[in-house]
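>>> just a sequence and a predicted model for now, questions to come.
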Amino acid sequence: TSPGDTYQARKLVMAASAPETAALIDGLYPEIAAILKKLPIKKSYAVAFSTLKENTLIEEFGYLIGRDSDFTAVVSRDLVPDETYRGATFHFKPSSERANDMGTIANTYKMKDSTAIHTAETEFMLPQLGVMHYEWRKSLEAELAKLDTFHLLGNFFDGLSMEDCLIRGKSEALRGVGRE
């Protein structure tokens, strides 16, 4: 968009992190933006990789939890069988040294050749859903209920999983067409 461009719509639907949403709506819905700004967020990142199956010595698995490691979790693609490749996504702790990521992946998978890795990396923001989250969410929902033209999606309502986000998306779609 060019500076000065304006757009109009009957309804606005946003799906972004709480900090990004707060920054974008601050002028439109300052009460909602103020609530979103109070949500504790932790930045993190993930590295997905694939390698030849013959390059790994670890048994197939679905999920690992990192104890005393640079990663919090590893989600494997082993549940989708492939004759040639294996892959996974490593969710690293924000404090881990990125220079060590490939070594961590190679060691975890007991790789014969750590150079035979194809990777993709992404950063994300995780809401810290703690004890007070219910009260925080209640105040957010109360403000959103006042508006029939604004709908908000994100991983900060019911949980972090894709399923949680899809359930929220469905409920907001139904609210948007008046079929709650």
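Structure received. Since this is a predicted model, take the numbers as computed values, not measurements.
>>> mind listing what residue 101 touches?
Residues near residue 101 by C-beta atoms under 8 Å, 6 or more residues apart in numbering: 47, 70, 90, 92. Placement of C-beta: from N, CA and C, glycine included.
>>> the helix or strand it falls within: how far from the chain's middle?
Of the helices and strands defined by DSSP states H and E, residue 101 is found in helix 101-108. Distance of helix 101-108 from its chain centroid, counting by C-alpha atoms, centre = their mean, to the nearest Å, is 22 Å.
>>> then it to CSV, C-alphas only?
C-alpha atoms of helix 101-108 as CSV (Å, rounded to 0.1, in the frame of the first residue of the first chain):
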residue,chain,number,x,y,z
ASP,A,101,21.5,-25.6,16.1
MET,A,102,22.9,-27.9,13.4
GLY,A,103,25.1,-29.7,15.9
THR,A,104,22.1,-30.2,18.2
ILE,A,105,20.0,-31.6,15.3
ALA,A,106,22.8,-33.8,14.1
ASN,A,107,23.5,-35.2,17.6
THR,A,108,19.8,-35.8,18.4
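>>> what about it, average pLDDT?
The average pLDDT for helix 101-108 rounds to 90.
>>> in it, which residues are buried?
Neighbour counts over helix 101-108 (16 or more other C-beta atoms under 10 Å) mark 101, 102, 104, 105, 106, 108 as buried.
>>> out of the residues you listed, which is nearest to residue 121?
The closest of the buried residues of helix 101-108 to residue 121 turns out to be residue 101 (C-beta to C-beta; 8.2 Å).
>>> thinking again about what came up before, dump the contacts of residue 101 into CSV; add pLDDT, neighbour count and distance to residue 155 as well.
CSV is the format used below for these (pLDDT from 0 to 100; neighbours: other C-beta atoms under 10 Å; distance: C-beta to C-beta, whole Å):
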residue, pLDDT, neighbour count, distance to residue 155
47, 93, 21, 20
70, 88, 18, 23
90, 93, 26, 19
92, 90, 24, 18
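>>> farthest-apart pair in these, please.
Farthest pair in those, by C-beta to C-beta: 47 and 70, 10.6 Å.
>>> still on that earlier bit, which members of the contacts of residue 101 are positioned in strands?
47, 90, 92 (DSSP state E).
>>> could you export these as JSON lines, including distance to residue 60?
Below are the ones in strands among the contacts of residue 101 laid out as JSON lines (distance: C-beta to C-beta, whole Å):
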{"residue": "47", "distance to residue 60": "20"}
{"residue": "90", "distance to residue 60": "16"}
{"residue": "92", "distance to residue 60": "22"}
